[in-house]
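*Asks:* can't give you the sequence, but here's the structure:
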């Protein structure tokens, strides 16, 4: 019975580790996707100071 309980604890730990790794991988993918989207997105309105630039 004791070995069975140890096996269940070990299996639960492996499941937790796998879930953590999956979340880390998804976060990295989302971060890269956001950077790529920001890089390819058109720029917003240009904010100018009080004075316009001289030609």
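*Replies:* Ah, there it is. Bear in mind that the values here come from a model prediction, so they are computed numbers and not experimental data.

*Asks:* Helices of the chain, start to end?
*Replies:* With DSSP state H as the criterion, the chain has helices at 2-40.

*Asks:* show me where pLDDT drops low in it?
*Replies:* 43-49, 51-55 (pLDDT under 70).

*Asks:* repeat that with 80
*Replies:* 1, 40-55 (pLDDT under 80).

*Asks:* how near is the most centrally placed residue in the chain to residue 34?
*Replies:* Closest to where the C-alpha atoms of the chain average out (Cα atoms, centre = their mean) is residue 27, at 2.0 Å. Counting by Cβ to Cβ, to the nearest Å, the gap from residue 27 to residue 34 is 11 Å. From N, CA and C alone the C-beta is placed, and that goes for glycine too.

*Asks:* and if you look at residue 4?
*Replies:* On the measure of Cβ to Cβ, residue 4 and residue 34 end up 45 Å apart.

*Asks:* Same check on residue 6?
*Replies:* 42 Å.

*Asks:* try residue 17
*Replies:* 26 Å.
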